[in-house]
Each structure stands twice: as structure tokens, then as C-alpha cells.
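# just need the structure, nothing else, for what follows:
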Amino acid sequence: MVTIKNKFVLLAAAFWIIGIVLLLVGAWAKTNKPDIAGSLLSFGILGQALGFGFLGYAIMQAVLKKK
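Purely as a prediction, here's the structure:
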């Protein structure tokens, strides 16, 4: 069994998945409701960016951690 000790990796994965879902919903809404599609796409991109930011932080934390 694999255990994830770093909570930032879980946070990054959650933001990344939520960002993907928002992007897909925004792309679907672009044809049906174009007024809300822009907001959904923007929040999806923001979620992706936050996810990658947390992942980068977790990687740098693991690299710079000295035992």
C-alpha cells in the first residue's frame, strides 16, 4: 500500500482534477450558455495553475529537505 505523506501532493491533485472538470464543463457550456462559459474556463485554468503550483512546491520541499 502506498501512503502519501505530503498533503500538498493531495492538494495539487485535487486542484488539478477540479481544474480539468471545470475546463470540460466550460467547453460544453460554450455552445449552450456562452455567458457563463468564460468564467468556467477561467476558473478551470486557475485551478490547473494552483495545482501545478502546489505540485512544484511539494517537489521543491522534497528536494531541499535535509535529513
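# what secondary structure does the residue positioned nearest the centre of the chain sit in?
In the chain, the centroid-proximal residue (Cα atoms, centre = their mean) is Trp16; its distance is 2.3 Å. Secondary structure, DSSP: H, G, I helix; E, B strand; the rest coil: Trp16 is helix.
# please report how far the nearest residue to it once chain neighbours are set aside lies from Asn32.
Spatial nearest neighbour of Trp16, excluding adjacent residues (Cβ to Cβ, 6 or more residues apart in numbering): Gly51 at 3.4 Å. In this view, the C-beta of every residue, glycine as well, is placed from N, C-alpha and C. From Gly51 over to Asn32 the distance is 27 Å, taken as Cβ to Cβ, to the nearest Å.
# which of these two has more residues huddled nearby?
Gly51 (20 against 8; other Cβ atoms under 10 Å).
# for the helix or strand harbouring that one, packing partners?
Using DSSP states H and E, Gly51 sits within helix 34-64. Applying 3 or more Cβ pairs under 8 Å, 6 or more residues apart in numbering; DSSP states H and E, one finds that helix 34-64 contacts helix 7-32.
# which parts of the helix holding Gly51 are buried?
37, 40-41, 43-44, 47-48, 50-51, 54-55, 58 (16 or more other Cβ atoms under 10 Å).
# would you turn these into CSV with distance to Trp28 and pLDDT?
Formatted as CSV, the buried residues of helix 34-64 follow (distance: Cβ to Cβ, whole Å; pLDDT from 0 to 100):
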residue, distance to Trp28, pLDDT
Ala37, 8, 90
Leu40, 9, 91
Leu41, 11, 92
Phe43, 14, 95
Gly44, 12, 94
Gly47, 16, 94
Gln48, 17, 95
Leu50, 22, 94
Gly51, 21, 93
Phe54, 26, 89
Leu55, 26, 91
Ala58, 31, 86
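# may I see the residues you listed organised as a markdown table, with distance to Val21 added?
Formatted as a markdown table, these follow (distance: Cβ to Cβ, whole Å):
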| residue | distance to Val21 |
| --- | --- |
| Ala37 | 14 |
| Leu40 | 10 |
| Leu41 | 12 |
| Phe43 | 10 |
| Gly44 | 8 |
| Gly47 | 8 |
| Gln48 | 11 |
| Leu50 | 14 |
| Gly51 | 12 |
| Phe54 | 17 |
| Leu55 | 17 |
| Ala58 | 21 |
